[in-house]
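1. Next comes the sequence, and after it the predicted model I'd like to discuss.
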Amino acid sequence: MFENLQDKLDRAFKVLKGQGSISEINVAETMKEIRKALLDADVNYKTAKTFTDEVKEKAIGLNVLTAVSPGQLLTKVMNDELTALMGGEVTDLDLKNNPTIILIAGLNGAGKTTFTGKLANFLKSKGKKPLLVAGDVYRPAAIDQLQILGEQVGVPVYVNKDSKDPVGIAMEGIAEGKKQQNNVIIIDTAGRLAIDEQMMNEIAAVKESTKPHEILFVVDAMTGQDAVNTAKAFNDRLDFTGVVLTKLDGDTRGGAALSIKSVVNKPIKFIGTGEKMEALDVFYPDRMASRILGMGDVVSLVERAQQQFDEKEAAELQKKIRKNKFDFNDFYNQIQQIKKMGNMKDLMGMIPGVGKMMKNVEIEDDAFKGVESIIQSMTKYERENPDSIQQSRRLRIAKGSGNKVEDVTKLIKQFEDMRKVMKQFSNPAAAAKMMRNMPKMPQGKM
């Protein structure tokens, strides 16, 4: 996501490298490059022009401190303006009503039903008791898909396959939710085109009857500027409360994320970054601005880790590490938790500076597949007793996992090295001694 835009912005900032101050001439040249970069990313033309004019106005006349280069100063101004462009601050769902009714709308193929399942999973993790309502009566597999997703995340789904009346089904679902004391009712609807008057009238009727507290418009980020135009058409009819951008893990240029708030004046509330039910993030404009400028997003990375790692399990793991009892079962479990956090390239892109280094490196979604196959080919005894895996066992494990024996040996060596380091750092005194003994970095002139 945003890789091409990052590259072009980097080149634009290079115009200011070596400059002693910010002037109207060098900023104008930089802004020209930035405007081109935004247009290439499929950002709305009016939005791109207004944005660069505002950055230019704020940058010119700023005093360049001795410790800050013009390029760094402009990056700060850009970061602030990008954050403002995308909404300024996070906009939470309005969940104060009981039950809260959420209506999901969007185009065909935008990922509404998948998002509906993800949203139910997200709200359940926050202590809510959601109910899903299958209101798409046109797509044959839509009801079955929602039932499968509901089963995956452990959330009930209201279905009436005998009815073809979306308004009636929505009202029945709300009644069922109140009866079962569900405090959030999420209504999935059929995909529709903004030019299809009959279908637009239908969803307007669903809105009128259900009186939802939230209307979320789901849009495929890969459609770029078309997504913004569609959002405007839907907003004119539905006056939705927020936008959801899906498929941000795909080959998207980012134009929709940067344009949609300024065009429809509605906040982006969620972004989808994969097919897994956990691959849903609250949209934080400031964090997204940092990522666009290649500055990473450590806060989101830590939050994803916190969602997956249980404190009680972590305490037990710490005890095992101290006693040098960390085994391949523990290692395998850690891999599964990391995988739930998202795809590796996306996670690495959240670390400042690493995203740029990894831009031309392909990281497969199944990057852990080889390691997992080796561990799965071990016996229960071998996983619990890594020291027991001698040559004959390694040959059997290699054959069973479809790997070379050298791969098995390499993994065991890396595991042992990792175990030693973990044990050392689990002892605060030993860790402090290690840090003291590390060679000092040479001091350079500032």
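-> That came through fine. Numbers count the residues shown, from 1 in each chain.
2. Can you pull the domain assignment for this structure?
-> Per the record, the chain has its domains at 2-86, 100-295, 340-437, by the TED database.
3. Can you say which of those domains is packed in most?
-> Comparing the domains of the chain by mean neighbour count (mean count of other C-beta atoms under 10 Å), domain 100-295 ranks first with a mean of 20. Quick note: C-beta positions are derived from backbone N, CA and C, even for glycine.
4. now that one: how far from the chain's centre is it?
-> Taking C-alpha atoms, centre = their mean, to the nearest Å, one finds the center of domain 100-295 at 16 Å from the center of the full chain.
5. same deal with stretch 410-424?
-> Here the centre of stretch 410-424 is set off from its chain's centre by 31 Å, with C-alpha atoms, centre = their mean.
6. which residue ranges form the strands in the stretch 201-350 of the chain?
-> Under the criterion DSSP state E, counting those that start in this stretch, strands of the stretch 201-350 of the chain are mapped to 214-220, 242-246, 268-272, 280-282.
7. so where is the stretch 51-200 of the chain shaky, pLDDT-wise?
-> Along the stretch 51-200 of the chain, segments meeting pLDDT under 70 span 61-72, 194-195.
8. how about low-confidence regions in the stretch 301-446 of the chain?
-> Across the stretch 301-446 of the chain, the ranges flagged by pLDDT under 70 are 301-315, 317, 341-367, 424-446.
9. nearest to residue 392, of the strands of the stretch 201-350 of the chain?
-> The closest of these to residue 392 is strand 280-282. By C-beta to C-beta, the value is 46.9 Å.
10. Quick one: residues in contact with stretch 377-390.
-> 327-329, 332, 375, 393, 396-397, 400-401, 408, 412, 415-416, 419 (C-beta atoms under 8 Å, 6 or more residues apart in numbering).
11. Same list (the strands of the stretch 201-350 of the chain) but as TSV, adding mean pLDDT and distance to residue 143.
-> Output for the strands of the stretch 201-350 of the chain, formatted as TSV (pLDDT from 0 to 100; distance: least, C-beta to C-beta, whole Å):
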stretch	mean pLDDT	distance to residue 143
strand 214-220	90	18
strand 242-246	88	20
strand 268-272	88	21
strand 280-282	87	22
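12. Output these in TSV, with distance to residue 129 appended to each entry.
-> Compiled in TSV, these are given as follows (distance: least, C-beta to C-beta, whole Å):
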stretch	distance to residue 129
strand 214-220	16
strand 242-246	22
strand 268-272	20
strand 280-282	18
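13. between the ones you listed, which one is nearest to residue 163?
-> The closest of the strands of the stretch 201-350 of the chain to residue 163 is strand 214-220. By C-beta to C-beta, the value is 22.2 Å.
14. Could you check the angle that closest one makes with strand 268-272?
-> 50 degrees (axes from the mean of the first three to the mean of the last three C-alpha atoms, to 10 degrees).
15. how close does residue 179 sit to residue 172?
-> Using C-beta to C-beta, to the nearest Å, one gets 10 Å for the distance from residue 179 to residue 172.
16. again, but for residue 384
-> Applying C-beta to C-beta to residue 384 and residue 172 gives a distance of 53 Å.
17. So which residues of the stretch 51-200 of the chain form strands?
-> Ranges of strands in the stretch 51-200 of the chain, per DSSP E, counting those that start in this stretch, are 100-106, 130-135, 157-158, 184-189.
18. Mind listing residues that contact the second one?
-> Identification of contacts with strand 130-135 by C-beta under 8 Å, 6+ apart yields 116-117, 119-120, 123-124, 142-143, 146-147, 149-150, 155-160, 166, 169-170, 173-174, 176-177, 180, 182-190, 206.
19. follow-up on the earlier one: okay, the strands of the stretch 51-200 of the chain in a markdown table with distance to residue 45 next?
-> Listed next are the strands of the stretch 51-200 of the chain as a markdown table, based on distance: least, C-beta to C-beta, whole Å:
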| stretch | distance to residue 45 |
| --- | --- |
| strand 100-106 | 24 |
| strand 130-135 | 37 |
| strand 157-158 | 43 |
| strand 184-189 | 32 |
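20. Select, out of those, the one closest to residue 83.
-> Residue 83 sits nearest to strand 100-106 of all the strands of the stretch 51-200 of the chain, at 25.7 Å, using C-beta to C-beta.
21. The closest one - contacts with which helices or strands?
-> helix 112-125, strand 184-189, helix 197-210, strand 214-220, helix 225-238 (3 or more C-beta pairs under 8 Å, 6 or more residues apart in numbering; DSSP states H and E).
22. one more time with 7 Å
-> With contacts defined as 3 or more C-beta pairs under 7 Å, 6 or more residues apart in numbering; DSSP states H and E, the packing partners of strand 100-106 are helix 112-125, strand 184-189, helix 197-210, strand 214-220.
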